[in-house]
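Student: Turn this into a structure:
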Amino acid sequence: MLIDTHCHLSSEYYDDIDEVIRENRESGVSKIIISGCDKKGIKEVFEYAKKYEDVFLTIGYHPEEVDVISDDDLQELRSLLQSEKVVGVGEIGLDYHYVKDNRDKQIALFEKQLKIAEELKLPVVIHSRDAVKDTIDTLKKYKVKGVIHCFSGSLETALIYIKMGYKLGIGGVVTFKNSKLSEVVAKVGLSNIVLETDSPYLTPVPFRSKKNSSKYLKYIAQKVADVCGVSINLVEEETMRNAQDVFDLQ
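Tutor: Below is the predicted model:
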């Protein structure tokens, strides 16, 4: 069985949520962790956590939300993080890909949420895009652990995160022809990764033209098995154990 540690399940992306959940289960995915990372999304994902027993949540404010999040919103977030089936804070972090001039505001929002995670002793799910140094420097200030979501960086960067106690979230990028991520995965090994889809984004080969879904997680697992030279059963066992440890899932 598999755990999708990061996906975005929303009526904005899928016409029939019941069908998505059914297909996930049929494909061998035992649990999914949905990320709610804006005000509207957080409200919606709680509905799914209540309805489906195999749905869990991470909630937090994505760096793109930096201009609309107030201290009152963060207080409400702190309260919601103590709800049943919430297993972590995220996705939170830094994103300088399109906008860099709000760097200080992004870091401030990031730090406020890391402090909440530290106080509540919750794992974090980290979004970092074109912001590796600032992400690492900021994380070092807090006693938190978790997952580096959608990791696609260098081996050097991977080893820094691993030394800090983080797992690497490995998704569809590992299946892409021109990606070097498979080389990194082979070198860091199964003990340092968890699997994710980031659906509806980053659909793995051979379904890249289709909308992503947790049902495709097994193709990511198979690619990891291939590059590590092990069975897919071992990948399932190890990554499930890692996910259970990080997010305290039973």
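
Student: could you say what helices and strands the longest strand that the chain contains packs with?
Tutor: If you go by DSSP state E, the chain has its longest strand at strand 86-95. If contacts are counted by 3 or more CB pairs under 8 Å, 6 or more residues apart in numbering; DSSP states H and E, strand 86-95 sits against strand 29-36, strand 55-59, helix 103-120, strand 124-129, helix 132-139, strand 146-148, helix 232-247. Where C-beta positions appear, they are placed from N, C-alpha and C, glycine not excepted.

Student: Please tabulate those in CSV, including the columns mean pLDDT, mean neighbour count and distance to residue 66.
Tutor: Shown next, in CSV, are these (pLDDT from 0 to 100; neighbours: other CB atoms under 10 Å; distance: least, CB to CB, whole Å):
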stretch, mean pLDDT, mean neighbour count, distance to residue 66
strand 29-36, 98, 25, 17
strand 55-59, 98, 25, 16
helix 103-120, 98, 18, 5
strand 124-129, 98, 25, 12
helix 132-139, 98, 17, 14
strand 146-148, 98, 29, 20
helix 232-247, 98, 18, 26
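
Student: Now tabulate the ones you listed in JSON lines and tack on distance to residue 212.
Tutor: Output for the helices and strands packed on strand 86-95, formatted as JSON lines (distance: least, CB to CB, whole Å):
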{"stretch": "strand 29-36", "distance to residue 212": "12"}
{"stretch": "strand 55-59", "distance to residue 212": "17"}
{"stretch": "helix 103-120", "distance to residue 212": "26"}
{"stretch": "strand 124-129", "distance to residue 212": "17"}
{"stretch": "helix 132-139", "distance to residue 212": "24"}
{"stretch": "strand 146-148", "distance to residue 212": "18"}
{"stretch": "helix 232-247", "distance to residue 212": "18"}
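
Student: Between these, which one is closest to residue 200.
Tutor: strand 29-36 (11.9 Å; CB to CB).

Student: moving C-terminal of that closest one, what's the next helix or strand?
Tutor: helix 39-51 (DSSP states H and E).

Student: what mean pLDDT would you report for that next one?
Tutor: Across helix 39-51, pLDDT averages out at 98.

Student: Return that helix as PDB; C-alpha atoms alone will do.
Tutor: Only the C-alpha atoms of helix 39-51 are listed here, as PDB (Å, rounded to 0.1, in the frame of the first residue of the first chain):
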ATOM      1  CA  LYS A  39      -8.300  30.400   3.100                       C
ATOM      2  CA  LYS A  40     -10.800  28.900   0.700                       C
ATOM      3  CA  GLY A  41      -8.800  25.700   0.300                       C
ATOM      4  CA  ILE A  42      -8.400  25.200   4.000                       C
ATOM      5  CA  LYS A  43     -12.200  25.400   4.500                       C
ATOM      6  CA  GLU A  44     -12.800  22.900   1.700                       C
ATOM      7  CA  VAL A  45     -10.300  20.300   2.800                       C
ATOM      8  CA  PHE A  46     -11.800  19.900   6.200                       C
ATOM      9  CA  GLU A  47     -15.000  18.700   4.500                       C
ATOM     10  CA  TYR A  48     -13.100  15.900   2.800                       C
ATOM     11  CA  ALA A  49     -11.300  14.900   6.000                       C
ATOM     12  CA  LYS A  50     -14.600  14.600   7.700                       C
ATOM     13  CA  LYS A  51     -16.200  12.600   4.800                       C
END
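
Student: Can you give me the buried ones in that helix?
Tutor: 41, 42, 44, 45, 46, 48, 49 (16 or more other CB atoms under 10 Å).

Student: So which elements touch it?
Tutor: strand 29-36, strand 55-59, helix 71-80.
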